[in-house]
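Peer 1: mind looking at a prediction? Sequence and model below.
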Amino acid sequence: MEAGYNKPLKQQLDSIYASDQGGRVKYDAVEKQYGVKSPQMKALWKEMEETDARNLKIITALLDQYGWPTKAQVGKMGNETVFLVIQHSNLPAMEKYFPMAKQAAERGDLSRSALALLQDRILVGQGKPQIYGSQLHTDPVTNKTVFSPIEDEAHVDERRAALGMEPLATYAKRFGLEYTGLTQTK
């Protein structure tokens with residue numbers, strides 16, 4: 001399979017993946033050690049934003065010139081890297097490249113669950129309810145992590161299952177939340 005890879009592009013994407021995930025890997029440890037509002041946390045956010053902006057320039061140039069790469073060109077990881085950079089970008093970039101991501105998912109080069117995450121993030125960014133329940137935020141009043149509003153929440157697990165995604169209650173546990181249907185607690 002690797003024989004057909006665009007090796008320079010795959011190497012570039014591997015490097016971008018490492019930089020994209022670098023700050024995110026440190027996130028929990030820095031938050032636990034220093035607190036969410038600490039200078040250390042603010043510095044990490046700034047570092048992540050600068051890295052995301054640099055990566056976005058490279059990825060959007062790639063997408064604008066060649067379109068969404070295939071797994072045959074860059075492998076599963078390379079494809080996921082393109083998705084992550086778009087997912088970690090700004091709303092206009094997510095909206096612009098969503099149709100390309102959708103085509104990639106339709107041809108099997110991007111997982112449908114990744115597309116669902118991107119779609120939810122765009123909807124939440126637009127102030128609309130999400131479809132798959134993948135997006136959370138901190139409630140400004142309670143300061144607790146909660147799910148952003150979900151459209152037709154009673155059927156969210158059916159939509160998630162159709163894409164091979166775990167039930168919302170299982171997903172919630174990863175964030176230290178207990179999800180019991182239309183209510184959530186921490």
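Peer 2: Okay, I see it. Residues are numbered from 1 along each chain as shown.
Peer 1: ok, how many other residues are close to K7?
Peer 2: 12 (other C-beta atoms under 10 Å). C-beta coordinates here come from the backbone N, C-alpha and C atoms, glycine included.
Peer 1: one more: G164?
Peer 2: G164, neighbours per other C-beta under 10 Å, totals 10.
Peer 1: so for it, what's the pLDDT?
Peer 2: pLDDT for G164: 92.
Peer 1: before we move on, what about G67?
Peer 2: So G67 comes in at 95 (pLDDT).
Peer 1: that one against A101, yeah?
Peer 2: No: G67 lies out of contact with A101 (C-beta atoms under 8 Å); the separation is 10.8 Å.
Peer 1: the two: which has the busier surroundings?
Peer 2: A101 (23 against 11).
Peer 1: isn't that one up against W68?
Peer 2: Yes: between A101 and W68 there is a contact under C-beta under 8 Å: 6.6 Å.
Peer 1: what touches both of these two?
Peer 2: L110 (C-beta atoms under 8 Å, 6 or more residues apart in numbering).
Peer 1: can you tell me the centre-most residue of this protein?
Peer 2: The residue lying closest to the centre of the chain (C-alpha atoms, centre = their mean) is Q87, at 4.3 Å.
Peer 1: enumerate every residue touching it.
Peer 2: 94, 114, 117-118, 121.
Peer 1: what does L123 give?
Peer 2: Residues in contact with L123 (C-beta under 8 Å, 6+ apart) are 129-131.
Peer 1: any idea how far it is from S113?
Peer 2: L123 sits at a distance of 16 Å from S113 (criterion: C-beta to C-beta, to the nearest Å).
Peer 1: skip the chain neighbours and tell me the closest residue to S89.
Peer 2: Nearest residue to S89 in three dimensions, chain neighbours excluded: L56, at 4.9 Å (C-beta to C-beta, 6 or more residues apart in numbering).
Peer 1: that neighbour belongs to a strand?
Peer 2: No: counting by DSSP: H, G, I helix; E, B strand; the rest coil, L56 falls outside a strand, being helix.
Peer 1: from V36, how far off is L115?
Peer 2: For L115, the distance to V36 equals 30 Å [C-beta to C-beta].
Peer 1: tell me which of those two has more neighbours.
Peer 2: L115 (20 against 13).
Peer 1: report the contact partners of the residue lying closest to that one once chain neighbours are set aside.
Peer 2: Distances taken as C-beta to C-beta, 6+ apart place A105 nearest to L115, at 4.2 Å, with adjacent residues excluded. Counting by C-beta under 8 Å, 6+ apart, A105 touches 111-112, 114-115.
Peer 1: M41: which of those residues is nearest?
Peer 2: Minimum distance to M41 across these is 27.0 Å, recorded for A114 (C-beta to C-beta).
Peer 1: I86: neighbour count?
Peer 2: When counting by other C-beta under 10 Å, one arrives at 25 neighbours for I86.
Peer 1: V30 now?
Peer 2: Neighbour number of V30 under other C-beta under 10 Å is 17.
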